[in-house]
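Participant: coords below, sequence missing:
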DNA sequence: GCCGTTTTCGGCCCGACTGTTTTCAGTCG
């Protein structure tokens, strides 16, 4: 079930689209888009706010506040219903076709009555678009091609896939003649969990050799647009990539511009206007004199807008501009702050590498501590027994303090428990007390009702030996939605019981996701960024988890695995004695 | 329809590329 904020956001996005399609005031449409974003990202449940509370949400004024109230009172908003009655839903769907926007969609509907993607394809084949103003043969082709792309759903790709490709492209372009600097920007630099297209930025006096090198990369399937400063291609796997080339002294302004997000850029450009300046990818200019004020580095550009440099992971217009102006940007956690990984597996259960190899690989990463957390017996196929677990523990104790910097890497013996449908876990408390820490996760029965699922996870938090809720929503990006649970109730339970929420760093999961982290931190919850590694190579996924933590505005104080070992052990004791004694004995 | 260290009314981000338009509108990011 969607959060009520998400329902309202979707409604306003639809309303904004309908306003555009019906040729309504473009500024009004934009206001609804902005309100949709603000509501979607707002921490409090809009269903529980009154007019006054609603108007405290940015971009929500009296009129929009009243529409929100109307929605929760009657289940619909009459203004939206009126436009829906005028424009079939299929017309809005037309605007999902690349190169086809609201204006063309409106014309197609009004002149030809076209109200679905299928009807549009038929109309083109029957040559019925021929005498429509603004539609030529090339437009027809582009629409047909766009429909193909839409139907083969040029989906967003996962962060790790896009990053590998981008690294490769940047390396290739950096070798091209005349390339001064080259880097990827866009959502990839902001470490979004999926990437719709890759933006690459380069500087050169002459762009031609770079554009040529770009078009000739081996995995280019199609050159979509080709200009002097911008070339767009589509890869053989359907991923869109843009290359922008600007003069060398525009590097900072261009990097700022192409890193986005769109909403963040709009805010920074508005800020520029308030300073009597104009901001573009070429620099920050004085409007009156046309003089260039800043352009060489991002720091320069932000500084002239009275802002500190804003880390790319924060650039989503989620309050970073306001925080920057107040000098209150968080000191974000970085990968080198991570002192250890608290959720990893070995070949004792479903991991690929033996304990010794995992420990050696962890030591290689310079960790101060490292936890081994294989599955408990509830995951029947793993054939875990008390004996096997205790034997592993003995071996972990032997290896403890034999690896890493100065042989000082401490090993923690833990388990990844399974949270059963009632909220119970694999072992009784007596046995759990022997572990240094326990991660507990949902692995089955994903479709329990919201209440039962919430109760289930809250009960796991209340277990005195459960320290971390692993991949809290169990979503798999693009494949399985997160469980339906009252996350706010779970966040409150975590804060109350001293249970950390995991930020699972596997690029398929990234669970919790950034928006939920933003909400959870308001409850005072602590987090653990874990790789959930099942092989030595997976330990390096930590970078994606840290990026996600940054997108959730977390500092190292928020991450239990960025804490010194003593502080971590105290947290793991959850206020009871058992675990703390083991620690002091060690 | 929202918003305010230029404003409670009059603004509202900026530029590139494409296609069809002989001067610019539409779309995109």
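Facilitator: Sure thing, it's come through. Everything numeric here is computed off the predicted structure, so don't read it as measured data.
Participant: what about residue A:158, how many neighbours?
Facilitator: Neighbours of residue A:158 under the rule other Cβ atoms under 10 Å: 18. All C-beta atoms are positioned from the backbone trio N, CA, C, and that covers glycine.
Participant: residue A:191 is in contact with that one, correct?
Facilitator: No - using Cβ atoms under 8 Å, residue A:158 is not in contact with residue A:191, being 12.0 Å away.
Participant: what about the residue of the stretch 151-300 of chain A found nearest DNA strand B, how many residues nearby?
Facilitator: Nearest residue of the stretch 151-300 of chain A to DNA strand B: residue A:227, at 1.9 Å (Cβ to the nearest atom of the strand). Residue neighbour count, defined by other Cβ under 10 Å, stands at 11 for residue A:227.
Participant: how near is it to residue A:170?
Facilitator: Separation of residue A:227 from residue A:170 (Cβ to Cβ, to the nearest Å) stands at 20 Å.
Participant: scan chain A for its longest helix.
Facilitator: helix A:4-21 (DSSP state H).
Participant: which parts of that one are buried?
Facilitator: Buried residues in helix A:4-21, counted by 16 or more other Cβ atoms under 10 Å: A:4-5, A:7-9, A:11-21.
Participant: tell me which residue of chain A is furthest from the middle?
Facilitator: Within chain A, the residue lying farthest from the chain centre (Cα atoms, centre = their mean) is residue A:131, at 44.7 Å.
Participant: and of the buried residues of helix A:4-21, the nearest to residue A:455?
Facilitator: Distance to residue A:455 across the buried residues of helix A:4-21 (Cβ to Cβ) is lowest for residue A:4, with 20.7 Å.
Participant: the closest one contacts residue A:45, correct?
Facilitator: Yes - if you go by Cβ under 8 Å, residue A:4 and residue A:45 touch, sitting 5.8 Å apart.
Participant: between the buried residues of helix A:4-21, which is closest to DNA strand B?
Facilitator: For the buried residues of helix A:4-21, the closest approach to DNA strand B (Cβ to the nearest atom of the strand) belongs to residue A:20, at 7.8 Å.
Participant: would you mind confirming that that closest one is in contact with residue A:102?
Facilitator: Yes - with contacts counted by Cβ under 8 Å, residue A:20 reaches residue A:102, the gap being 3.8 Å.
Participant: what residues does the stretch 1-150 of chain A put near DNA strand B?
Facilitator: For the stretch 1-150 of chain A, the residues in contact with DNA strand B (Cβ under 7 Å from any atom of the strand) are A:25, A:27-28, A:31-32, A:35, A:55, A:58-65, A:79, A:95, A:97-105, A:133-140, A:142.
Participant: which ones among these map onto helices?
Facilitator: A:27-28, A:31-32, A:35, A:55, A:62-65, A:79, A:102-105, A:137-140, A:142.
Participant: pretty sure residue A:256 sits in a helix.
Facilitator: Yes - Residue A:256 forms part of a helix when assessed by DSSP: H, G, I helix; E, B strand; the rest coil.
Participant: counting neighbours, what do you get for residue A:58?
Facilitator: By the other Cβ under 10 Å criterion, the neighbourhood of residue A:58 contains 15 residues.
Participant: and the residue nearest to it when sequence neighbours are not counted, what element?
Facilitator: Excluding its sequence neighbours, the residue lying closest to residue A:58 (Cβ to Cβ, 6 or more residues apart in numbering) is residue A:38, at 4.7 Å. Secondary structure assigned from DSSP states H and E places residue A:38 in helix A:26-41.
Participant: near DNA strand B, anything from stretch A:178-195?
Facilitator: Yes - counting by Cβ under 7 Å from any atom of the strand, DNA strand B has neighbours in stretch A:178-195: residue A:186.
Participant: and the closest residue to residue A:475 other than its chain neighbours, helix, strand or coil?
Facilitator: Distances taken as Cβ to Cβ, 6+ apart place residue A:482 nearest to residue A:475, at 3.8 Å, with adjacent residues excluded. Three-state call for residue A:482 (three-state DSSP): coil.
Participant: ok now do residue A:482, which residues does it touch?
Facilitator: Neighbouring residues of residue A:482 by Cβ atoms under 8 Å, 6 or more residues apart in numbering: A:473, A:474, A:475, A:511.
Participant: again with residue A:88
Facilitator: Each residue near residue A:88 by Cβ under 8 Å, 6+ apart is listed here: A:109, A:115, A:116.
Participant: before we move on, what about residue A:255?
Facilitator: Counted by Cβ under 8 Å, 6+ apart, residue A:255 has contacts A:183, A:185, A:201, A:298.
Participant: pretty sure residue A:335 is in contact with residue A:544, am I right?
Facilitator: No - using Cβ under 8 Å as the test, residue A:335 is too far from residue A:544 to be in contact (10.0 Å).
Participant: among those two, which residue is more densely surrounded?
Facilitator: Set side by side, residue A:335 and residue A:544 show more neighbours around residue A:544, with 26 against 16, by other Cβ under 10 Å.
Participant: ok, that one - contacts?
Facilitator: A:159, A:160, A:191, A:505, A:506, A:507, A:510.
Participant: does the residue of the stretch 351-500 of chain A found nearest DNA strand B count as helix, strand or coil?
Facilitator: The stretch 351-500 of chain A approaches DNA strand B most closely through residue A:478 (18.6 Å), counting by Cβ to the nearest atom of the strand. Following three-state DSSP, the label given to residue A:478 is coil.
Participant: burial measure for it, as a count.
Facilitator: For residue A:478, the count of nearby residues is 13 (other Cβ under 10 Å).
Participant: and residue A:294, by the same measure?
Facilitator: Residues near residue A:294, counting by other Cβ under 10 Å, number 21.
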